[in-house]
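**Q** My questions are about this predicted structure, shown below with the sequence.
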Amino acid sequence: MSSDVRKLGDDQLVALLDEHRALLGESIANDYGSETVRSVMIRIAEFEAEVDRRGSATR
């Protein structure tokens, strides 16, 4: 996981996750290429893992 993800505030993390999910849809719809889709999916996975980690830490 990128260390920069852990430095984000909660609001920033959720906003970036939403932005990347929208970018993924746009990338697929406009056929930006498999490399772009792959890199966006990797970032989404990092953001989701951090959201899960933070959720586990507050339980």
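**A** That came through fine.

**Q** Could you pick out the longest helix of the protein?
**A** helix 34-57 (DSSP state H).

**Q** What's the mean pLDDT across that helix?
**A** For helix 34-57, the mean pLDDT works out to 91.

**Q** quick one: that helix to chain centroid distance?
**A** 4 Å (Cα atoms, centre = their mean, to the nearest Å).

**Q** mind listing what's buried in that helix?
**A** For helix 34-57, burial by neighbour count (16 or more other Cβ atoms under 10 Å) applies to 36, 40, 43, 44, 46, 47, 50. Backbone N, C-alpha and C define where each C-beta goes, glycine included.

**Q** Which of those sits closest to residue 25?
**A** Among these, residue 40 lies closest to residue 25 (Cβ to Cβ), at 9.5 Å.

**Q** Leaving out the residues flanking it, which one is nearest to the closest one?
**A** Nearest non-adjacent residue to residue 40, counting by Cβ to Cβ, 6 or more residues apart in numbering: residue 24, 4.7 Å away.

**Q** quick one: contacts for the one you found?
**A** 37, 40, 41, 44 (Cβ atoms under 8 Å, 6 or more residues apart in numbering).

**Q** rerun that using 10 Å as the cut-off
**A** For residue 24, the contacting residues are 32, 36, 37, 39, 40, 41, 43, 44, by Cβ atoms under 10 Å, 6 or more residues apart in numbering.

**Q** Next: residue 30.
**A** Per Cβ under 10 Å, 6+ apart, neighbours of residue 30: residue 36.
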